[in-house]
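> Pasting the sequence and the predicted model now:
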Number of protein chains: 2
Amino acid sequence: MTEKDKQTEEKIFEAATTIFLEKGMDGARMQEIADRAGINKSLLHYYYRSKDRLFNAVFEAIVRLLFQKFAPVLDEKLTLEEKTRFFLREHISFLQQNPRLASFVLNEINRNPAIVKKFIEKLDFNTLWDTLETQHQDEFLKYNITRESIPQLITSILALSVFPFAARALIASIFETNEFSFDDYIEQRKEYAADFVVNAIKNK
Amino acid sequence: MTEKDKQTEEKIFEAATTIFLEKGMDGARMQEIADRAGINKSLLHYYYRSKDRLFNAVFEAIVRLLFQKFAPVLDEKLTLEEKTRFFLREHISFLQQNPRLASFVLNEINRNPAIVKKFIEKLDFNTLWDTLETQHQDEFLKYNITRESIPQLITSILALSVFPFAARALIASIFETNEFSFDDYIEQRKEYAADFVVNAIKNK
DNA sequence: GTCTATAGAAGGATAGAC
DNA sequence: GTCTATCCTTCTATAGAC
């Protein structure tokens, strides 16, 4: 692969990422992607064969990014509270920098479940939960967290982080008419969400 | 409007609701809606003029339903804890019965912010928050809930309810490989989420 | 590798008969 | 009010010149 290839392929990939994030698979147009990449429509097919394959390449990269960015949290030797605070701060900051990501991923996984399985099957969640149970045995006992309730806890933490971005247009619109700022709300949220979870757990 | 009109218009509207919920505005096809309604494509235009207007009619009905179903919660003379438990039980049950609703609404409001404003502008959130503050003055004081933090609290409650459905395909997919059931998870969640919020608040 | 031109299909919308 | 036929546009994808 020559240097020129790489440049063009990269330009296409970046343009596609932008457009797909903004419009979704169904709403995105190959012409728009080509325009943004500053090349001809035919070149998209030359490099990626079809819209489907181009989309899959983009989606795969995004999912890979998500997992590799937050998997390390589990390796950290932190208390449950520290881990929660660390994760929520990092996760909310990450979505803050990529505002369309949450809505995009949530939408596409529901429209095309097959694409999800491809990634899920690579991961071993039983092992992941074992790790959590081992790392935080004492705290789980103390706070009465059972293996059954781990999914409830994890999805709750994710919910507090992801939902504001998924519902961003709605929340921002409400704030606008009430002299609130969405940005301030998100800044506050990093600590609020962490306190919320920690208090919810500790008070069991 | 004759009886026959109403029947056809209703059939179209129901078919459109189903298809739009499933495919979204961009993914939906007029032909598919016509097929499902058991009528010809031209009739869609006869009754609704365009895809846009048909979509708006469907979307408006859904948003109206959401508000009219949950606005009464605020009128109830319940404690903050009772209100939280009541709302979460009802809201999760509602989404349980309409599994595609959460994902659909979240996606469309981000794609078409104009449609959101149309509804938001009708509502007076300042008054709504005043009502909450008045109704629960003692509890707000006791639990240290300020006017500033009301949006954080409300979005947190909504997050715990909505997120599992918005991320349904992902969560269900993970559960599948681990002998968990999404339905059981949702049933549990009605109480788990309520406990979570109540504990988070009380422990401040 | 990149472009122009165009095929081929599908989608939304309308005209006009009944 | 409902249908058939069709227009016009748009979109993905390919052929072929350079």
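Happy to help now that I have it.
> Which strands and helices lie in contact with the host helix or strand of A:Glu108?
Per DSSP states H and E, A:Glu108 falls inside helix A:101-111. Here helix A:101-111 touches helix A:3-27, helix A:51-70, helix A:113-120, helix A:150-166, helix B:3-27, helix B:101-111, helix B:168-176, going by 3 or more Cβ pairs under 8 Å, 6 or more residues apart in numbering or on different chains; DSSP states H and E. Every C-beta, even on glycine, is put in place using the N, C-alpha and C of the backbone.
> May I see those helices arranged in JSON lines, with distance to A:Arg36 as well?
Converted to JSON lines, those look like this (distance: least, Cβ to Cβ, whole Å):
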{"stretch": "helix A:3-27", "distance to A:Arg36": "4"}
{"stretch": "helix A:51-70", "distance to A:Arg36": "13"}
{"stretch": "helix A:113-120", "distance to A:Arg36": "23"}
{"stretch": "helix A:150-166", "distance to A:Arg36": "23"}
{"stretch": "helix B:3-27", "distance to A:Arg36": "18"}
{"stretch": "helix B:101-111", "distance to A:Arg36": "18"}
{"stretch": "helix B:168-176", "distance to A:Arg36": "29"}
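> Out of those helices, which gets nearest to B:Thr84?
helix A:150-166 (14.3 Å; Cβ to Cβ).
> quick one, the closest one and helix A:168-176 angle?
On the basis of axes from the mean of the first three to the mean of the last three Cα atoms, to 10 degrees, helix A:150-166 is oriented at 60 degrees to helix A:168-176.
> next one: helix A:150-166 to chain centre, how far?
11 Å (Cα atoms, centre = their mean, to the nearest Å).
> What values do phi and psi take at A:Gly38?
phi 70, psi 30 (degrees, to the nearest 10).
> Contact partners for it?
By Cβ atoms under 8 Å, 6 or more residues apart in numbering or on different chains, the residues touching A:Gly38 are A:Lys11.
> where's it relative to DNA strand D, distance?
17 Å (Cβ to the nearest atom of the strand, to the nearest Å).
> near chain B, anything from the worst-scoring helix or strand of chain A on mean pLDDT?
One helix or strand of chain A scores below all others by mean pLDDT, DSSP states H and E: helix A:113-120, with a mean of 84. Yes: for helix A:113-120, a contact with chain B is found by Cβ under 8 Å from any Cβ of the partner chain, at A:113, A:116-117, A:120.
> Narrow those to those that are buried.
Among the residues of helix A:113-120 next to chain B, those classed as buried by 16 or more other Cβ atoms under 10 Å in any protein chain shown are A:116, A:120.
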